[in-house]
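S.K.: With the input below, show me the fold.
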Amino acid sequence: MNHPLRKVVVPAAGLGTRFLPATKAIPKEMLPIVDTPTIQLIVEEALSAGAQEVVLVNGRGKGAIEDHFDRAYELEDQLQRKGKKELFEEVRRISDSVRLVSVRQKEPLGLGHAVLAARHAVGTEWFGVLLGDDVVDADEPAIGQLVRFARKTGKAAVALMPVPETQVHLYGVAAGRAIEGGHVEVDRIVEKPPRDRAPSTLAVVGRYVLPPDVFDILANLPAGAGGEIQLTDALAVLAQQKRLLGVRIQGVRHDAGDRLGYVQANVAYALKRPDLREPLLAWLREVVK
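M.R.: You can find the predicted model right below:
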């Protein structure tokens with residue numbers, strides 16, 4: 001990879017069953033962290049790393065995501081009429097910030113299948129993938145950290161974080177030769193391995209920088225775990241070709257796809273807000289005894 005990252009893929013076609021009944025009519029990706037939809041945090045991370053275009057892999061009933069990044073003329077007009085300048089500028093900033101391309105994943109056949117659905121929108125260049133369940137609070141954007149290593153080495157890159165041994169079955173898990181900085185030249189990567197077969201405790205956490213030929217790999221993969229096309233299986237091919245680097249990203253990762261992780265993310269981001277920190281801390285001291 002010898003150029004800046006221009007395009008990223010954000011899979012958003014899942015049903016969000018872990019958050020029912022809230023997600024019966026509202027896309028999971030639109031659930032807010034304090035007052036900002038989770039997917040906006042993901043898109044802003046990509047933009048801050050230099051991305052210019054977001055390919056949204058969408059599904060039925062997810063039109064609210066596209067609307068969120070579109071102009072809202074009636075709302076903008078009302079905000080201007082009422083003199084709410086800051087809110088108007090925030091709403092306008094969201095729609096002006098990104099070029100959004102939406103494609104449909106017509107069947108829920110796995111993350112690899114979702115990425116493959118973006119093939120024609122991505123074209124023949126390197127691209128990033130950001131999963132909306134993984135919110136990473138970091139000084140340097142998580143996807144930007146991967147871009148830096150991909151440009152330096154010419155290899156695909158995945159984000160890694162250590163997890164407890166009891167949780168390895170919930171993730172893709174990578175292992176290989178350790179290099180400077182705790183990063184890994186990946187030679188093994190497995191999707192949701194049983195605890196006794198996990199190659200390490202380094203889990204893949206929702207950020208990828210990939211070469212365009214990964215689409216050919218995905219198109220020729222047989223169904224993997226759960227009868228789905230697994231992105232991890234395509235990464236395993238790259239690992240066998242010695243073309244995959246595992247980057248231990250710096251930052252705090254929140255699993256916003258889990259109920260507890262979602263609540264924790266809301267508290268953590270609220271504590272970062274000057275207008276909320278002190279009242280929230282005062283309330284927490286009252287209720288946590």
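
S.K.: all helices of the stretch 101-250 of the chain, in order?
M.R.: Remark: helices of the stretch 101-250 of the chain, listed N- to C-terminal, are 111-117, 119-122, 142-153, 214-219, 231-240; assignment by DSSP state H, counting those that start in this stretch.

S.K.: contact partners of the last one?
M.R.: With Cβ atoms under 8 Å, 6 or more residues apart in numbering as the test, helix 231-240 has contacts from 110-112, 115, 129, 155-156, 158, 172, 174, 176, 186-191, 204, 208, 211, 214, 217-218, 221, 224-225, 244. (C-beta placed from N, C-alpha, C; glycine too.)

S.K.: That one: which residues count as buried?
M.R.: By neighbour count, and taking 16 or more other Cβ atoms under 10 Å as the criterion, the buried residues in helix 231-240 are 231-239.

S.K.: Taking the contacts of helix 231-240, please make a PyMOL selection of just the buried ones.
M.R.: This is how PyMOL selects the buried members of the contacts of helix 231-240, with burial counted by 16+ other Cβ under 10 Å:
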select buried, resi 110+111+112+115+129+155+156+158+172+174+176+186+188+189+190+191+204+208+211+214+217+218+221+224+244
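
S.K.: which residues are in contact with the least confident helix or strand in the chain by mean pLDDT?
M.R.: Among the helical and strand segments of the chain, the one scoring lowest on mean pLDDT, DSSP states H and E is helix 85-96, with a mean of 77. The contact list for helix 85-96 (Cβ under 8 Å, 6+ apart) reads 40, 68-72, 75-76, 79-80.

S.K.: please redo it, this time with the cut-off set to 6 Å
M.R.: Judged by Cβ atoms under 6 Å, 6 or more residues apart in numbering, the contacts made with helix 85-96 from elsewhere in the structure are 70-71, 76, 79-80.

S.K.: And for stretch 273-282?
M.R.: Contact partners of stretch 273-282, identified using Cβ under 6 Å, 6+ apart, comprise 270-271.

S.K.: Please compute how far it lies from its chain's middle.
M.R.: Relative to the chain's own centre, stretch 273-282 is displaced by 27 Å; criterion: Cα atoms, centre = their mean, to the nearest Å.

S.K.: residues contacting residue 178?
M.R.: residue 184.

S.K.: before we move on, what about residue 209?
M.R.: The neighbours of residue 209, taking Cβ under 6 Å, 6+ apart as the test, are 128, 146-147, 150, 157.

S.K.: among the residues you listed, which ones are buried?
M.R.: Neighbour counting by 16+ other Cβ under 10 Å classes 128, 146-147, 150, 157 among the contacts of residue 209 as buried.

S.K.: Same list, those, but as CSV with pLDDT and distance to residue 199 please.
M.R.: Compiled in CSV, the buried ones among the contacts of residue 209 are given as follows (pLDDT from 0 to 100; distance: Cβ to Cβ, whole Å):
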residue, pLDDT, distance to residue 199
128, 95, 25
146, 95, 21
147, 94, 26
150, 91, 22
157, 94, 18
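
S.K.: Out of those, which is nearest to residue 48?
M.R.: Using Cβ to Cβ, residue 147 is the member of those that sits closest to residue 48, with 11.3 Å.

S.K.: So what does the closest residue to that closest one other than its chain neighbours have for phi and psi?
M.R.: In space, not counting the residues next to it along the chain, residue 147 is nearest to residue 5; the distance is 4.9 Å by Cβ to Cβ, 6 or more residues apart in numbering. Backbone torsions of residue 5, given as degrees, to the nearest 10, read phi -80, psi 120.

S.K.: What score does residue 5 have for pLDDT?
M.R.: The pLDDT attached to residue 5 in the predicted structure is 87.

S.K.: What's the local residue count around it?
M.R.: Counted with other Cβ atoms under 10 Å, the neighbours of residue 5 add up to 22.

S.K.: Check residue 17 too.
M.R.: Other residues lying near residue 17 total 9 when counted by other Cβ under 10 Å.

S.K.: same question, the one 3 residues further on
M.R.: The local packing count at residue 20 equals 10, with neighbours defined by other Cβ under 10 Å.
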